[in-house]
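1. from the sequence below, what's the structure:
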Amino acid sequence: MRKRLIMLRGNSGSGKTTVAKGLQELFGRGTMVISQDMIRREVLKVRDGTDPPALPLIKQMLEYGSENCEVVILEGIFVADWYRELFERAIELYGSDIYAYYFDIPFEETVKRHQTRSKVAEFGADEMREWWKEKDYLDLIKETAITEEKNKDEIINEIYLRVCDRTEES
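-> Numbering: from 1, shown residues only. I've put the predicted structure just below:
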């Protein structure tokens, strides 16, 4: 079984979760989504920060996915410095079969998108500004930038076709 990892990173409200769900639908059964927010906020009820408390569980889930799923989608803010250990483990598990994307969306646009989400009552622009990390690209894994010019369907289809094309080459 060929295993592939799709990484979707970026600031809050940039569209990562929406794209992850769309990709999971396209890839179908056996596609695992690991959502940082779901694990951190709903499963563990912990805050993010240096030495993130959710990191060990996320790493275990990534390992499970590498052993049991053809496609794993890892999505979240995942601040580069705080989650370096996770990215190193991803490289060990998936090697060159990592498709990494960074949602490089302007702050104003993420706030606008946030207004359409179910989380709108939980936090607002002030909190989003506190969490904001400008151009937090990884130095370990090459990430493709996703900008506000593309809509969700274009992004989903582009990633899906790229992952499928690479699979057929091997």
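
2. my guess is residue 24 contacts residue 34. True?
-> No. Contact between residue 24 and residue 34 fails when scored by C-beta atoms under 8 Å: they sit 10.9 Å apart. Just so you know, the C-beta spots here come from the backbone N, C-alpha and C atoms, and that holds for glycine as well.

3. comparing these two, which residue is more hemmed in?
-> It is residue 34, of residue 24 and residue 34, that has more neighbours when counted by other C-beta atoms under 10 Å, with 22 against 18.

4. about what we covered before: overlap in contacts, residue 24 and residue 34.
-> Common contact partners of residue 24 and residue 34 (C-beta atoms under 8 Å, 6 or more residues apart in numbering): residue 73.

5. how about stretch 82-96: buried residues?
-> Under the neighbour-count criterion of 16 or more other C-beta atoms under 10 Å, stretch 82-96 has 82-83, 86-87, 89-90, 93-94 buried.

6. mind listing which of the residues you listed are in helices?
-> 86-87, 89-90, 93-94 (DSSP state H).

7. among those, which one sits closest to residue 109?
-> residue 87 (25.7 Å; C-beta to C-beta).

8. mind listing what the closest one touches?
-> For residue 87, the contact set (C-beta under 8 Å, 6+ apart) comprises 80, 138, 140-141.

9. quick one on the thing from earlier: so can I have a markdown table of the buried residues of stretch 82-96 showing distance to residue 5 and pLDDT?
-> Shown next, in a markdown table, are these (distance: C-beta to C-beta, whole Å; pLDDT from 0 to 100):
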| residue | distance to residue 5 | pLDDT |
| --- | --- | --- |
| 82 | 19 | 97 |
| 83 | 14 | 98 |
| 86 | 11 | 98 |
| 87 | 10 | 98 |
| 89 | 11 | 98 |
| 90 | 6 | 98 |
| 93 | 7 | 97 |
| 94 | 4 | 97 |
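
10. can you pull out the strands in this structure?
-> 4-10, 31-35, 71-76, 98-103, 143-146 (DSSP state E).

11. including distance to residue 113, could those strands go into CSV?
-> Formatted as CSV, the strands of the chain follow (distance: least, C-beta to C-beta, whole Å):
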stretch, distance to residue 113
strand 4-10, 11
strand 31-35, 17
strand 71-76, 15
strand 98-103, 10
strand 143-146, 13
